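Colleague: Here is my input; please provide its structure:
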Amino acid sequence: MLDFEALIYMSKKTVMKRLSCLLSILLLLSVKSVYCQRIISGRISGNSAVNNISYLNPIRKYNNTLFDIKNIPVDKNNTFTIKIHSTESSFVNIYLPENNGMLSIYEREKDTVSFSVSMLTKDGRAQIDHIDFSGANAEGQRLFQQFRAKCNQQFIVDHFFSKNKYANIDEFIVNEKYQMDSIFMGYDTLERKGKIRKDFTKAVKSNITGFLFFNMFLVFEYFAKQSNADKGVSKDWRNAFLKNRDMYTDSNYIALKKRAYVHYNPLDESYIMASSISLLYLDKYYQDILNGIVPSTGVKYDTAFAHVAEYPYYGYMSKSILEFRWSVDLYWAPMVNSDAKVLNDKLNSFRMQFPSSPFLPFLRRRFKEFYEPELPPDAGSVRIINSSYKRLSDLKSDEFKNKYVFVDLWATWCTPCVEDFKYKRSVDSLLKRNNISKLYISLDDSTRQGIWKKFIKDKKIYGSHFIVNDTFLNNLKAQLKLSDILIPRYLLIDSKGEIVNYDLPRPNDIGKLSKAIRLAINF
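Modeller: Model prediction:
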């Protein structure tokens with residue numbers, strides 16, 4: 001029989017053993033946490049004061065622009081560090097300072113990427129002078145950023161449509177294949193030299209493919225439907241397209257899509273990591289399966305989603321993609337439907353299919369933002385300015401004579417603009433204290449007036465509203481000395497009609513915005 005002291009000794013031994021096991025487990029968890037971590041470090045140099053950097057935290061690989069936006073401080077040495085705790089490879093989107101666009105960096109676990117951004121002031125506005133990379137896949141990251149910086153609709157036209165040089169669709173497809181290969185050649189060369197990894201090459205190619213083909217489809221579709229040829233297409237090259245109407249037909253458009261889907265299969269897992277614009281390429285693919293334009297390649301119809309009238313192609317969509325695609329549709333749902341019951345039913349359907357979805361908390365918060373308690377009657381009213389002004393100066397002098405005016409340049413399709421409306425009460429309070437009027441100027445196409453007015457009403461964006469016409473927009477670009485206006489953008493006009501600040505800080509830093517306004521009105 002054991003004596004009392006022996007029992008105590010054995011108990012201590014057991015406790016120590018268990019503690020040792022517990023410490024070992026904690027150590028393993030700690031090692032695993034470090035193992036799963038990806039790090040992006042950055043430095044901002046130049047004459048631009050940056051207090052914080054915003055980035056989009058990937059959720060289940062998805063490089064989205066809607067959900068988890070995080071802010072991190074920039075230290076006194078103008079450096080910052082982003083830590084992503086995830087085993088999933090993905091792109092990380094980082095907002096560049098002073099509304100200079102977005103940097104997209106691909107990483108997998110244990111990767112460390114560093115970049116430096118040098119700024120300069122040109123025409124009174126802080127702009128990017130140079131971006132450089134070091135760390136994982138540095139040369140590939142640099143090449144990818146250069147592509148993103150130059151790729152726009154005009155790039156699509158110049159590289160794939162080439163001012164109407166094609167007699168038929170076969171000639172067009174030969175050129176399209178050549179142009180895609182030439183864009184990818186740089187990445188293939190870097191991979192052969194061991195400068196970048198194979199997974200990086202594949203992910204970036206998928207990202208670029210989705211972007212290029214979606215925009216190519218968009219341009220081709222405009223001209224396949226000739227009655228819409230004047231909408232959304234630049235006037236300086238529209239006429240050149242219309243000289244060869246025989247090429248831009250529905251049958252040729254379908255032939256182009258079939259070719260794209262064969263060579264760049266949207267069911268490839270890489271597309272999940274691609275950008276939001278690539279997701280629209282996926283949408284077209286699933287819609288074409290539904291309409292019988294392309295074979296299903298093994299994707300079978302799911303009767304569980306047969307009832308989804310708005311998006312019937314859901315029934316063909318891979319479940320790994322469906323969760324994100326459905327969450328994106330729910331995110332925008334409050335803008336087109338003001339019936340709280342209908343929206344809650346949609347959210348409940350999503351929750352039943354994906355009860356542990358990481359998107360649910362963001363969607364609940366989103367719905368709550370739209371359906372907050374009614375504001376008091378004196379909270380404000382919406383005033384639509386219907387006069388067809390051609391210049392900002394004319395609008396200001398007629399509608400806001402002898403007043404300071406805060407101008408919010410935005411659009412219903414602009415996600416960062418919508419995010420900034422979260423702070424509208426703080427901004428309104430700041431402007432009221434300083435006796436400043438507020439004017440919302442929408443850069444939406446004038447054909448979207450119905451959507452624009454409904455958006456204003458549903459979001460309770462009280463104040464004065466104006467939607468641009470072509471002449472107004474061109475004159476505004478000339479006044480701001482910009483070839484294109486990146487939004488959101490905020491201006492301050494003094495009582496004499498002069499713009500005293502061309503690019504105010506965004507409302508998410510109300511302290512910085514307040515300081516800039518006080519500085520401007522005290523001149």
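Colleague: can you count the residues close to the nearest residue to residue 67 once chain neighbours are set aside?
Modeller: Nearest non-adjacent residue to residue 67, counting by CB to CB, 6 or more residues apart in numbering: residue 362, 4.4 Å away. The way it works is simple: take the backbone N, C-alpha and C, and place the C-beta from them, glycine included. Around residue 362 there are 19 other residues, counting by other CB atoms under 10 Å.
Colleague: for residue 139, same thing?
Modeller: By the criterion of other CB under 10 Å, residue 139 has 16 neighbours.
Colleague: residue contacts, the residue nearest to residue 67?
Modeller: Residue 362 makes contact with 66-68, 327, 331, according to CB atoms under 8 Å, 6 or more residues apart in numbering.
Colleague: Now do the same for the host helix or strand of residue 128: mean pLDDT, whole number.
Modeller: Per DSSP states H and E: residue 128 is located in strand 125-135. Averaging pLDDT along strand 125-135 gives 85.
Colleague: which residues in the stretch 1-150 of the chain form helices?
Modeller: 4-35, 138-150 (DSSP state H, counting those that start in this stretch).
Colleague: Mind checking which residue lies nearest the centre of this structure?
Modeller: Geometric centre of the chain, nearest residue: residue 65, 3.7 Å, by CA atoms, centre = their mean.
Colleague: least reliable of the helices of the stretch 1-150 of the chain going by mean pLDDT?
Modeller: Minimum mean pLDDT among the helices of the stretch 1-150 of the chain: helix 4-35, a mean of 46.
Colleague: still on that earlier bit, give the ChimeraX command for selecting the buried subset of the contacts of residue 362.
Modeller: A single ChimeraX command is used to select the members of these judged buried by 16 or more other CB atoms under 10 Å:
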select :66,67,327,331
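Colleague: Which of the contacts of residue 362 fall in strands?
Modeller: Among those, none falls in strands (DSSP state E).
Colleague: Make CSV out of the contacts of residue 362 and add distance to residue 282.
Modeller: Listed next are the contacts of residue 362 as CSV, based on distance: CB to CB, whole Å:
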residue, distance to residue 282
66, 16
67, 18
68, 21
327, 14
331, 17
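Colleague: Just give me the closest of the contacts of residue 362 to residue 162.
Modeller: Distance to residue 162 across the contacts of residue 362 (CB to CB) is lowest for residue 66, with 35.0 Å.
Colleague: For residue 166, grab the count of nearby residues.
Modeller: Neighbour number of residue 166 under other CB under 10 Å is 19.
Colleague: for the chain, what spans make up the strands?
Modeller: Here the chain has its strands, by DSSP E, at 37-45, 52-56, 69-73, 79-85, 90-95, 102-107, 112-122, 125-135, 382-384, 404-410, 436-442, 463-467, 489-493, 499-501.
Colleague: Give the partner strands of the fifth one in its sheet and their orientations.
Modeller: Spelled out, that is strand 90-95. Taking DSSP bridges as the criterion, strand 90-95 forms sheet pairs with strand 52-56 (antiparallel), strand 102-107 (antiparallel).
Colleague: hang on, the residue nearest to the centre of the chain packs against residue 415?
Modeller: Yes - the pair residue 65 / residue 415 is scored as a contact, 5.1 Å apart, by CB atoms under 8 Å.
Colleague: follow-up on the earlier one: please tabulate the strands of the chain in a markdown table, including the columns distance to residue 143.
Modeller: Shown next, in a markdown table, are these (distance: least, CB to CB, whole Å):
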| stretch | distance to residue 143 |
| --- | --- |
| strand 37-45 | 18 |
| strand 52-56 | 21 |
| strand 69-73 | 26 |
| strand 79-85 | 21 |
| strand 90-95 | 15 |
| strand 102-107 | 12 |
| strand 112-122 | 13 |
| strand 125-135 | 10 |
| strand 382-384 | 46 |
| strand 404-410 | 32 |
| strand 436-442 | 36 |
| strand 463-467 | 39 |
| strand 489-493 | 29 |
| strand 499-501 | 36 |
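Colleague: Would you mind giving those as a markdown table with mean neighbour count and distance to residue 214 added?
Modeller: A markdown table is the format used below for the strands of the chain (neighbours: other CB atoms under 10 Å; distance: least, CB to CB, whole Å):
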| stretch | mean neighbour count | distance to residue 214 |
| --- | --- | --- |
| strand 37-45 | 19 | 27 |
| strand 52-56 | 20 | 19 |
| strand 69-73 | 13 | 23 |
| strand 79-85 | 15 | 27 |
| strand 90-95 | 21 | 16 |
| strand 102-107 | 22 | 16 |
| strand 112-122 | 17 | 26 |
| strand 125-135 | 16 | 25 |
| strand 382-384 | 13 | 33 |
| strand 404-410 | 22 | 24 |
| strand 436-442 | 22 | 24 |
| strand 463-467 | 20 | 26 |
| strand 489-493 | 22 | 26 |
| strand 499-501 | 19 | 36 |
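Colleague: Residue 258: which of these is closest?
Modeller: Ranking the strands of the chain by distance to residue 258, with CB to CB as the measure, places strand 90-95 first at 28.0 Å.
Colleague: okay, the angle between that closest one and helix 138-150?
Modeller: Interaxial angle of strand 90-95 relative to helix 138-150 (axes from the mean of the first three to the mean of the last three CA atoms, to 10 degrees): 50 degrees.
Colleague: List of residues touching strand 90-95?
Modeller: Under the contact criterion CB under 8 Å, 6+ apart, strand 90-95 has outside partners 38, 40, 42, 53-58, 61-63, 65, 82, 84, 102-107, 203, 207, 273-275, 416.
Colleague: Could you export it as CSV, CA atoms only?
Modeller: Taking C-alpha atoms only, strand 90-95 is exported to CSV below (Å, rounded to 0.1, in the frame of the first residue of the first chain):
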residue,chain,number,x,y,z
SER,A,90,-4.3,34.3,-51.9
PHE,A,91,-3.9,37.8,-53.2
VAL,A,92,-3.8,40.6,-50.7
ASN,A,93,-5.1,44.0,-51.9
ILE,A,94,-3.6,47.1,-50.4
TYR,A,95,-4.9,50.6,-50.9
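Colleague: Dig out what residue 382 forms beta bridges with.
Modeller: Legend: beta-bridge partners of residue 382 under DSSP bridges are residue 463.
Colleague: who touches it in this structure?
Modeller: 456-457, 461-463, 465.
Colleague: mind running it again at 10 Å?
Modeller: For residue 382, the contacting residues are 440, 453, 456-457, 460-465, by CB atoms under 10 Å, 6 or more residues apart in numbering.
Colleague: same check, this time on residue 394
Modeller: Taking CB under 10 Å, 6+ apart, one finds 387, 472, 475, 497 in contact with residue 394.
Colleague: ok, it to residue 304 distance?
Modeller: Between residue 394 and residue 304 the computed distance is 56 Å (CB to CB, to the nearest Å).
Colleague: Residue 37 too?
Modeller: Distance, residue 37 to residue 304, using CB to CB: 37 Å.
Colleague: and residue 308, how many residues sit next to it?
Modeller: Using other CB under 10 Å, the number of residues around residue 308 comes to 15.
Colleague: Just give the closest residue to it, not the sequence neighbours.
Modeller: Computed as CB to CB, 6+ apart, the closest residue to residue 308 that is not its neighbour in sequence is residue 314, at 4.9 Å.
Colleague: surely the one you found meets residue 303?
Modeller: No - under the criterion of CB atoms under 10 Å, residue 314 is not in contact with residue 303, lying 11.2 Å apart.
Colleague: Which among the strands of the chain is found nearest to residue 156?
Modeller: With CB to CB as the measure, strand 102-107 is the member of the strands of the chain nearest residue 156 (18.2 Å).
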